[in-house]
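[1] sequence unknown, structure follows:
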């Protein structure tokens, strides 16, 4: 069963556009869970342009499904994860000024750094996922660094899907199968939507979790949040 984790960053972006507390992040997170989401994801950035560090401490108190915190493991982020102790931390190599995640880790170049960070979080009983491109060499290095899972960066899949879905999925199938063979769990995320999610899941049914935010929030403008979450869950069944 592939779990749907809803990334609520875009809800925070909407709130921040006017200040105040509308929409309320805590209520949205609880509603997502009530409507069927099996996890909540947040991705704090150094400038707190969407989700704020203070939000995450409050979210930890009320989330009853799986809590996943994504981000670049710089000092402030590491301290946050240590204090909040989410179910999962997903390490993403974001540049400080990146608009959104745009590449996975070079797990060979950063092997020693990732090994130390992964060991640090696993000692605190936090599952560690590494955001990576669908490349067998990088996936193998993620396993050597001690990761529990990899999250396959799916923007290239989404970009090619409408033109040639068989070619778009090919490297992801190979990567996911290889990851499972060497003992890693498999997550996926970035630019997944109601058009491309079902095919991804059909071809890789053993994906543990998909993290979806931007497309899901956009769809909710038309379909409503509860109905949208049910539509995404339907693609995973």
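    Happy to help now that I have it. Computed from a prediction, not measured in an experiment: that's the story for all the values here.

[2] who's in contact with stretch 170-177?
    134-136, 139, 150, 152, 154, 157, 186, 188, 200, 203-204, 206-207 (C-beta atoms under 8 Å, 6 or more residues apart in numbering). Quick note: C-beta positions are derived from backbone N, CA and C, even for glycine.

[3] change it to 7 Å
    Applying C-beta atoms under 7 Å, 6 or more residues apart in numbering, the contact partners of stretch 170-177 are 134, 135, 136, 139, 152, 157, 186, 203, 204, 207.

[4] Kindly give a single PyMOL line that selects the buried subset of the residues you listed.
    Isolation of the buried members of those (16 or more other C-beta atoms under 10 Å) is achieved in PyMOL through the command below:
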select buried, resi 134+135+139+152+157+186+203+204+207
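
[5] distance of residue 90 from residue 35?
    Residue 90 sits 23 Å away from residue 35, going by C-beta to C-beta, to the nearest Å.

[6] Settle it for me: which of those two has more neighbours?
    residue 90 (25 against 16; other C-beta atoms under 10 Å).

[7] Could you list the paired strands of the helix or strand encompassing that one along with their orientation?
    Taking DSSP states H and E as the definition, residue 90 sits inside strand 88-91. Using DSSP bridges, strand 88-91 pairs in its sheet with strand 66-71 (parallel), strand 127-132 (parallel).

[8] and the last one, how far out from the chain's middle?
    Between the mean C-alpha location of strand 127-132 and the chain-wide mean there is a distance of 9 Å, by C-alpha atoms, centre = their mean, to the nearest Å.

[9] cool, stretch 3-18 as well?
    With C-alpha atoms, centre = their mean, you get 13 Å for stretch 3-18.

[10] buried stuff in that stretch?
    Quick answer for stretch 3-18 (16+ other C-beta under 10 Å): 3, 4, 5, 6, 7, 8, 9, 10, 11, 12, 15.

[11] Format these as CSV; extra columns: distance to residue 170, pLDDT and secondary structure.
    Compiled in CSV, the buried residues of stretch 3-18 are given as follows (distance: C-beta to C-beta, whole Å; pLDDT from 0 to 100; DSSP: H, G, I helix; E, B strand; the rest coil):
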residue, distance to residue 170, pLDDT, secondary structure
3, 24, 98, strand
4, 24, 98, strand
5, 25, 98, strand
6, 28, 98, strand
7, 26, 98, strand
8, 32, 98, coil
9, 30, 97, helix
10, 30, 96, helix
11, 34, 98, helix
12, 35, 98, helix
15, 40, 97, helix
